[in-house]
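**Student:** quick check, what structure comes out for this input:
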Amino acid sequence: MSPVSPYQVCVAFLLRDRADGRTEVLLGRKKTGLGSGNIVGLGGKIEPGESALEAIVREIEEESSLVVAPGDLTEMGLVKFAFPFRENWSQDSTVFVAREWRGEPQESDEVSPAWYPLDELPLEAMWDDAKHWLPAVLAGERVLGDFVFGEDCATVSHHELHDPQ
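**Tutor:** Presented below is the predicted three-dimensional model:
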């Protein structure tokens, strides 16, 4: 694994089952900041003194108005992102999944949320790394990955997935 990044973030994927048996995931179009325009999971920066779990509960509510109890979140791993051509973008992201929450998703200043069927993930509109690990996480697998982005800061130039055990 790569060294620990000073920039720690968290991301969550909320899942629900439709009446027809298909499962959907809540994603959102990022409206501001890093990754603006991309479709992303809910989440953001872990504040000083805050655990990843505390941060993701706060971020979900800030970005979507949904309230998730800490016990309803399952930590699914860690994904590390290196941006050699823009070091201040490098970050480590703790990944969570939840199937229980209160409320209905609402648009915020940061994200415009929408539900996507798992078999129709908008991977082409997401960060380039998502195609390498997100489907597995949404299928219930843990992830531990290192991703290095190229000079364009958009395309993965190298990645490694490790055994998360």
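**Student:** can you tell me the SS state at Glu62?
**Tutor:** Classification of Glu62 using DSSP: H, G, I helix; E, B strand; the rest coil returns helix.
**Student:** ok, and the closest non-adjacent residue to it?
**Tutor:** Ser108 (6.6 Å; CB to CB, 6 or more residues apart in numbering). Just so you know, the C-beta spots here come from the backbone N, C-alpha and C atoms, and that holds for glycine as well.
**Student:** ok, Ala154 next?
**Tutor:** The shortest distance from Ala154 to any non-neighbouring residue, by CB to CB, 6+ apart, is to Asp128 (6.2 Å).
**Student:** residues near the one you found, how many?
**Tutor:** As a burial measure, Asp128 scores 18 neighbours (other CB atoms under 10 Å).
**Student:** that's a helix at it, yeah?
**Tutor:** No - counting by three-state DSSP, Asp128 is not found in a helix; it is coil.
**Student:** which residues are in contact with it?
**Tutor:** Listed by CB atoms under 8 Å, 6 or more residues apart in numbering, the contact partners of Asp128 are Phe149, Ala154, Thr155, Val156.
**Student:** let's see if you can find the most crowded of those residues.
**Tutor:** Per-residue neighbour counts (other CB under 10 Å) across the contacts of Asp128 peak at Phe149, which has 23 neighbours.
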